[in-house]
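Asks: Fold the following, please.
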Amino acid sequence: MEHGKTGPSIAYWLYNYAPEWEASSKEVDCLVHEMEEGNRVNLITCNQKTTKKVSIFKNTKFLPLPYCLILFPFLRTFASRFQINHIFASGGERLLTPRLCSMNALLTITKDTVSLANVEKNIPYLRQLKYIVVESERHQDVMSQCSLEENRVKLIYPGVELKPIVPATGPFKILFATSPTSPYDLVSRGIFLMLNAAKRVPEVQFVFVWRNKNLAELQEAITRLRVKNVEIKNGLMDMDKIYQTVHATILPGLEYHSIKPSPHSGIESLAWGKPLLVSSPSSLASLVQRYNCGIVFEPSVDSLHRGIRQLMKCYDEYAVNCHAVIEEKFSQTIFLEKYRQLYTTMMESGS
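Replies: Numbers count the residues shown, from 1 in each chain. Reported below is the predicted structural model:
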């Protein structure tokens, strides 16, 4: 144990660590910052693509994925140095979870899987984890269907801080900030859905925050469909400024796995007091409906068009409820406290 570090040693394991882009990376950063006070903390990331140099000796270890495969035979030996191993991945992840599940480990499911068959294959490993943390009611229900012990499945929403409400001015603006990272993902993410709906509401401005990938495909689609009311902001942006200038944020995934559980663009939008347009398969749909902080629409052009009109017509009725959702479900204080409680229980049961 390091000098002055009296708490448990914790290793955080994840893929594609990029806090400037990835929501799950921001969650890990929040936990690392909180837990490194008094604890020995390491962060190990297996990145498919990274501009950072390989690093295995510092507390934050960057390992391009090919190197990770070479080092996997030694994974358990390294993990045994830590009293708690915390994995951030999908329920169907097949590299880290099978190797670490018996190492006093917990898994936070921050990604969905294309097929639930992948989760089913992992059930023997999921049962060995001390805890499985889910970030959506749907994943909580899926874990229950897999006959995992109810007291080991915990629903902990990501935490954010409340922001001051800055009313947007000018034309009604809708933000989309969950751009695809993989080819052939434009349909699933709802890009074509939004473009076709945008043609029906030319007075509404759509703001797409993009990540450089698939940019040519997006521009081609905009040109082909002759859409005039879409603004593309490509690359890293000051998102706080963007949230202040828009009226609402959209999560238009066509399938359950199209967008991550509890996507941060939706949560941060609510934190700024900006309501949501959410497709029914989205993980946030049930919360948006219960708290009346936006519109839930079916993933069709007609339904989205009606949803936009309804949101514009009764905007204040939805906007006034946004902060209540953050305070009750997405509080950063509650997020950190719940994980502290899990770590304490894991230490007590593992001692």
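
Asks: ok, the residue lying closest to Val230 once chain neighbours are set aside to His247 distance?
Replies: Closest residue to Val230 apart from its sequence neighbours, by CB to CB, 6 or more residues apart in numbering: Phe206 at 4.6 Å. For glycine as for every other residue, the C-beta is placed from the backbone atoms N, C-alpha and C. Using CB to CB, to the nearest Å, Phe206 is found at 11 Å from His247.

Asks: and what of Gln140?
Replies: 31 Å.

Asks: In terms of neighbours, single out the busier of the two.
Replies: When Gln140 and His247 are compared for neighbours, His247 comes out ahead with 22 against 19, by other CB atoms under 10 Å.

Asks: Could you check how far the more buried one is from Lys228?
Replies: Per CB to CB, His247 is found 19 Å from Lys228.

Asks: hang on, the earlier thing: in contact with the residue nearest to Val230, which residues are there?
Replies: Going by CB atoms under 8 Å, 6 or more residues apart in numbering, Phe206 touches 173-174, 176, 194, 198, 229-231.

Asks: Val134 now?
Replies: The contact partners of Val134, by CB under 8 Å, 6+ apart, come to 108-109, 140, 143, 153-156, 261.

Asks: Distance of Met347 relative to Arg127?
Replies: 21 Å.

Asks: nope, Ile334 is what I was after
Replies: Going from Ile334 to Arg127 by CB to CB gives 27 Å.

Asks: what's the answer for Ile87, then?
Replies: Applying CB to CB to Ile87 and Arg127 gives a distance of 15 Å.

Asks: Kindly report the same for Leu96.
Replies: Taking CB to CB, one finds Leu96 at 16 Å from Arg127.

Asks: the more surrounded of those two?
Replies: Between Leu96 and Arg127, Leu96 has the larger neighbour count (other CB under 10 Å), namely 24 against 14.

Asks: Quick check, that one in contact with Trp13.
Replies: Yes. With contact defined as CB atoms under 8 Å, Leu96 reaches Trp13; the gap is 5.3 Å.

Asks: where do the helices sit along the stretch 1-150 of the chain?
Replies: Remark: helices assigned in the stretch 1-150 of the chain by DSSP state H, counting those that start in this stretch are 23-35, 65-71, 75-79, 96-100, 116-126, 137-145.

Asks: so who does Met346 touch?
Replies: Counting by CB under 8 Å, 6+ apart, Met346 has contacts 8, 83-84, 104, 106, 130-131.

Asks: which of those has the most neighbours?
Replies: Ile84 (24 neighbours).

Asks: residue boundaries of the strands in the stretch 101-250 of the chain?
Replies: 105-111, 131-134, 153-155, 173-176, 205-210, 230-234, 248-251 (DSSP state E, counting those that start in this stretch).

Asks: Tell me how far the fifth one lies from the chain's centre.
Replies: If I follow you right, that is strand 205-210. 19 Å (CA atoms, centre = their mean, to the nearest Å).

Asks: List the strands paired with that strand, with their directions.
Replies: Note on strand 205-210: by DSSP bridges, its sheet partners are strand 173-176 (parallel), strand 230-234 (parallel).

Asks: List just the nearest of the contacts of Met346 to Tyr291.
Replies: Nearest to Tyr291 among the contacts of Met346: Tyr131, at 26.8 Å, using CB to CB.

Asks: ok, of the contacts of Phe206, which come out buried?
Replies: Among the contacts of Phe206, those buried by neighbour count (16 or more other CB atoms under 10 Å) are 173-174, 176, 194, 198, 229-230.

Asks: now the residue nearest to Arg76 when sequence neighbours are not counted: how far from Ser258?
Replies: Excluding the flanking residues, the one nearest Arg76 by CB to CB, 6+ apart is Arg99, at 5.9 Å. Distance, Arg99 to Ser258, by CB to CB: 29 Å.

Asks: any idea of the pLDDT on the nearest residue in space to Tyr291 that is not next to it in sequence?
Replies: Once flanking residues are discounted, Tyr291 sits nearest to Val325: 4.7 Å by CB to CB, 6+ apart. Per-residue pLDDT puts Val325 at 97.

Asks: With Val296 instead?
Replies: pLDDT, Val296: 98.

Asks: just the one 3 residues further on next, same as before
Replies: Here, the pLDDT recorded for Pro299 equals 97.

Asks: Name the helix or strand for it, please.
Replies: Under DSSP states H and E, no helix or strand contains Pro299.
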